[in-house]
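1. Any chance you can model this:
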Amino acid sequence: MAKQRISYVPLEKMDAAMRAEMERCAREGTPRPESTAVRAHVKACFWFFANSWHDIFRNGVLDHALKELCRVYVSRSVVCEFCGNQRSIKGANEGLQEAHYDDLINFEKSVKYDDRQKAALAYAEAIVWRLDTDDAFWERMYQHFSEPELVELGCAIGLTYGQQSWLRLLNIEHHQVMAGTAASMAPGFETPEALAKSKASPDYWARKDAAPKKSAA
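-> Below is the predicted model of the structure:
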């Protein structure tokens, strides 16, 4: 296993409010406790992410399941294995199934997404890969989303893109902090043993390249 680059802050060094958030992460996941324990080195960073994630990702003006699809799209694009091996429980309750994550990189050609989901993923694609956009792209966006929804989705994508681009460098792994729960873990990653087996498979998603396009339409 690759060497971890930033340590986890122990629970006993956190105040009561931070420990309560850590317990929520262990209970509900997305994020799981490990990334939160890294941010705990700086209290402002801990709460910056926890509060933004609560207000923009888990709640807000746009349905959560769309934001969850975009979150995992970012994971697949930047190859953040820590984030990519998590699934939102709230997203599942809103109808997302594991099959919805299979074609994310090639979403435009997939029959697993409706037009609104594809538009959201096109927005994520344009942000992550810094694609040029034209009037047709924005007409597509406004066909499916209001301006407040576009603002919230853009902020959610930007937040997860920045954090996942950072977390992938740290070599953190699941089941290392407050271990013993499978909250929000993707199928096949629920335990340390299952995680190791899934990551050793030749079909493991992180072994596949995510190729960007040159422009968005």
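2. for the lengthiest helix in the chain, which positions count as buried?
-> For the chain, the helix with the greatest residue count under DSSP state H is helix 147-167. Residues 149-150, 152-157, 159-161, 163-164, 167 are the ones in helix 147-167 that count as buried (16 or more other C-beta atoms under 10 Å). To be clear about C-beta, it is placed using only N, CA and C from the backbone, and glycine gets the same treatment.
3. which helices and strands sit right next to that helix?
-> Applying 3 or more C-beta pairs under 8 Å, 6 or more residues apart in numbering; DSSP states H and E, one finds that helix 147-167 contacts helix 33-39, helix 43-52, helix 64-78, helix 81-84, helix 115-128.
4. buried ones in the helix or strand bottoming out on mean pLDDT in the chain?
-> Taking mean pLDDT, DSSP states H and E as the measure, the chain has helix 89-93 as its least confident helix or strand, at a mean of 94. Within helix 89-93, the residues that count as buried by 16+ other C-beta under 10 Å are I89, K90, G91.
5. Can you tell me which of those residues is nearest A44?
-> K90 (26.0 Å; C-beta to C-beta).
6. dump the residue contacts of the closest residue to that closest one other than its chain neighbours.
-> In space, and not counting its chain neighbours, K90 is closest to H64: 5.2 Å by C-beta to C-beta, 6 or more residues apart in numbering. Contact analysis of H64 by C-beta atoms under 8 Å, 6 or more residues apart in numbering lists F57, R58, S88, K90, G91, E94.
7. The fourth one and R58 touch, don't they?
-> Yes: counting by C-beta atoms under 8 Å, R58 is a contact partner of K90 at 6.2 Å.
8. which residues do these two both contact?
-> T30, H64.
9. Can you mark which positions in stretch 56-75 are buried?
-> 56-58, 60, 62, 64-75.
10. so when I look at L169, I'm seeing a strand, right?
-> No: L169 sits outside any strand when classified using DSSP: H, G, I helix; E, B strand; the rest coil, being coil.
11. Model confidence score at it, please.
-> Here the pLDDT value assigned to L169 is 97.
12. Show me the shaky parts of the protein.
-> 1, 209-217 (pLDDT under 70).
13. Look up how far Y142 lies from the most far-flung residue of it relative to its centre.
-> Distance from the centre of the chain peaks at D135, with 28.5 Å (C-alpha atoms, centre = their mean). Distance from D135 to Y142, counting by C-beta to C-beta, to the nearest Å: 10 Å.
14. now A16
-> Counting by C-beta to C-beta - A16 and Y142 are separated by 45 Å.
15. Number of residues surrounding N106?
-> Neighbour count of N106, defined by other C-beta atoms under 10 Å: 10.
16. which phi and psi does it have?
-> phi -110, psi 40 (degrees, to the nearest 10).
17. before we move on, what about R207?
-> phi -80, psi -10.
18. next one: M185
-> phi -80, psi 140.
19. Any idea what it is bridged to?
-> Counting by DSSP bridges, M185 forms beta bridges with Q86.
20. and it, what is it in contact with?
-> M185 neighbours (C-beta under 8 Å, 6+ apart): G29, R32, N85, Q86, R87, H174, L195.
21. Include neighbour count and distance to A122 when you put the residues you listed into TSV, please.
-> Shown next, in TSV, are the contacts of M185 (neighbours: other C-beta atoms under 10 Å; distance: C-beta to C-beta, whole Å):
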residue	neighbour count	distance to A122
G29	19	27
R32	26	28
N85	24	24
Q86	24	23
R87	24	22
H174	24	30
L195	19	31
